[in-house]
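> Sequence and computational prediction follow.
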Amino acid sequence: MCSVVGYNGPRVCKDIILEGLSRLEYRGYDSSGFACISPISKLVSVKSQGGIEQLSSKLELQPDLVLDSTLAIGHTRWATHGVSSDSNAHPHYDCQKTIAVVHNGIIENFAFLKEKLQLVGHHFISQTDTEVVAHLFEDELKNSTLEKAILSLVSKIQGAYALLIVSERYPDYLIAIRKSSPLCLGIGKNETFVASDVYAFTDKTNQVVFLPDESFALISKAGYHVYNFFGERIFPPVQKNNCTLAQVGKGNYAHYMLKEIYEQKRVIIDTVNFLRASKAAGMHELNLTYETINELQKINFVGCGTSWHAGLIAEYFMQEVAQIPTQSFLASEFRYKKLFTHPRTLTFIISQSGETADSLEALRLLSVSKQTTVALTNVASSSMVREADGFLLTQAGQEIAVASTKAFTGQVAALYWIAYWIAHIKGLITTQAITRAEEELLVAAEVLENSIERYKFDIISRIAPHYVQYKNFIFLGRHISFPFALEAALKLKEIAYVFVDCYPAGELKHGPLALIDQQTPVVLFSSLDETIYKKLCGNAQEVKARSGHLIIFAFEHQKDLIDLADTVFIFPKINSLLAPLIMTGLVQFFVYQIATILERPIDRPRNLAKSVTVE
Ligand code: M6R
């Protein structure tokens, strides 16, 4: 989840590295670092706890030497091994400080290697796993060529890594090594960029080489050579990168999260337009024949965090609209369960970033077992798009706040449409039914935004200031409103740091009821299904009978439930399956206001990163 950035070419590159790092700060932001080979072939390095601004200030104090360098590497960190501190910040060095290493990933056998290296006299400074790479490479280089030293290094380290290395002994080379963590080269005119994500250099070149898994590149001013882990030269294709830098400003919004909450209406409209156009063009990117769809016997969704919640919600779409048994899995659990393969199963890997390590490994596991996969992701240049059998791009646009808002909405809206599309191919519904579903989505887009507007003033002036006092919450839902409750709870936890336990409402009497008191508000999400609604009324009664405090997200005319609420938000009635979509904006806004009063760093919550590329 860290990010690495490098450059080798004719340009003085300090600013290129800093700019690339600041674009990738979404991957980690607790510390950062820079190392370069100076014009007199000396390694110069600066690192700092904190973000790019701190690093930048420290670099300003460096002599001109650094400013003139044309070969450099940089890093932003999300701590895995060792706290956030100057010494744990990357780069890490060998004993002589002639080698500098930056790393994204985890060296799993670092403890074993460290002990061995210490026994032969290596001196370690940090608590990180990465530092072993610098010391091991120091040993490997002693009696070997550069290529052989790299091959020996990768034969000894285990885990996942995107490594960038510079060394005084090979002052012309930038070394890039990849196993399981993404790494790509940007090919310019007589210059090469390298980064964890194309965003780092997307304005400098549109020619990109995605390093294959288990490969390394030697990058000089003359160009680059790529080798596999057997030492054979390989020629991965140069691809055109179609990514453009998003309009990343916050505009008049205080935070990216707030801006992204307000972009959701547009996301749903764009989703409908995009899918309509894709359908007319044949939905080729999914890489599924009508025959395959017709014969589907099972659909799986695999994802993490918010993307897992989107899958849990979409289970109901696929089962009720497309009439296909569907199951959602957490990627981190799915990978270790027994895999039952079936030729008529389709698995959607859902991921905003398209890089989440557990989801990507689940995708790879399925590919090895010849299971059909489709990546539903927001990032066209992601590993999942390249590795899945087919893909579908969500229409959220670049999401910058760590807490996912508009990407979730894009996923749910797309899967709703896909359920109708599959149902149509299976002959279950008419074309008009798809058109109606699209209209429902457009209505949901309006309701999502109008609901925020309707309650905005009350939330800011009265409701959020009141609920900010509570330390614990219980969130409840049933049927499709349960996975939505999970998503709402995740938002409150991650941006406000408030503890929430979330249950299917029917489980209340099996234990959590013991927690009900005046100090633990219960947030209950209603349903438009009559049977479910009645059961939810019963659950709300159970809470009130124990003098509990109820915040209810209800629908118009649900009088019995509304009357039980201490605080209530009321939504217009729509198709019951779209309830999560219309409620999501208001819930996010409510949570956002609580986090604002608590003065949380909303766009970058503590301990988290936008893209979780470690397992
Ligand atoms: O990029 P992905 O959708 O694969 O990310 C999955 C989760 O890490 C992500 O949804 C996370 O839970 C968000 N912080 C939620 O707001």
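Right, received. Where do you want to start?

> what are the ranges of the helices in the stretch 301-450 of the chain?
Assigned by DSSP state H, counting those that start in this stretch, the helices in the stretch 301-450 of the chain fall at 305-320, 331-334, 357-368, 383-387, 406-425, 431-458.

> nearest to residue 40, of the ones you listed?
helix 383-387 (38.8 Å; CB to CB). C-beta: built from backbone N, CA, C; applies to glycine.

> So the closest one, near the ligand or not?
No - residues of helix 383-387 are not located near the ligand by CB under 6 Å from any ligand atom, the shortest gap being 8.6 Å.

> what does stretch 392-410 give?
Yes - residues of stretch 392-410 contacting the ligand under CB under 6 Å from any ligand atom: 402-404.

> Now those residues in CSV, please, with extra columns for pLDDT.
Shown next, in CSV, are those (pLDDT from 0 to 100):
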residue, pLDDT
402, 94
403, 97
404, 97
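
> what's the least confident stretch among the helices of the stretch 301-450 of the chain?
Lowest mean pLDDT within the helices of the stretch 301-450 of the chain: helix 383-387, a mean of 92.

> Mind telling me which residue of this protein is nearest the ligand?
residue 305 (1.9 Å; CB to the nearest ligand atom).

> follow-up on the earlier one: let's have the helices of the stretch 301-450 of the chain in JSON lines, adding mean neighbour count.
As requested, the helices of the stretch 301-450 of the chain are exported to JSON lines (neighbours: other CB atoms under 10 Å):
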{"stretch": "helix 305-320", "mean neighbour count": "25"}
{"stretch": "helix 331-334", "mean neighbour count": "21"}
{"stretch": "helix 357-368", "mean neighbour count": "21"}
{"stretch": "helix 383-387", "mean neighbour count": "20"}
{"stretch": "helix 406-425", "mean neighbour count": "26"}
{"stretch": "helix 431-458", "mean neighbour count": "17"}
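
> okay if I get those helices as TSV plus distance to residue 577?
Shown next, in TSV, are those (distance: least, CB to CB, whole Å):
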stretch	distance to residue 577
helix 305-320	6
helix 331-334	24
helix 357-368	24
helix 383-387	26
helix 406-425	7
helix 431-458	9
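
> Give me every residue in the chain lying close to the ligand.
Residues of the chain lying near the ligand by CB under 6 Å from any ligand atom: 304-307, 351-353, 356, 359, 402-404, 490, 494, 608, 611-612.

> and residue 32, how far is that from residue 594?
30 Å (CB to CB, to the nearest Å).

> Which of those two has more residues huddled nearby?
residue 32 (31 against 22; other CB atoms under 10 Å).

> my read is the more buried one is in a helix, agree?
No - if the criterion is DSSP: H, G, I helix; E, B strand; the rest coil, then residue 32 is strand and not within a helix.

> residue boundaries of the helices in the stretch 151-300 of the chain?
So, for the stretch 151-300 of the chain - with DSSP H, counting those that start in this stretch - the helices run 256-262, 264-281, 290-294.

> Would you mind pulling up the elements that the last one packs against?
Which is helix 290-294. Applying 3 or more CB pairs under 8 Å, 6 or more residues apart in numbering; DSSP states H and E, one finds that helix 290-294 contacts helix 406-425.

> other SSEs contacting the helix it packs on?
helix 264-281, helix 290-294, helix 305-320, strand 372-377, helix 431-458, helix 579-597.

> wait, which of those is closest to residue 216?
Set against residue 216 and scored by CB to CB, the helices and strands packed on helix 406-425 come closest in strand 372-377, at 25.9 Å.

> low-confidence ranges in this structure?
Under the criterion pLDDT under 70, the flagged ranges of the chain are 1, 64-67, 243-249.

> Pop the domain breakdown of it in here.
The record's domain split for the chain, according to automatic domain parsing, is 3-248, 256-429, 449-597.
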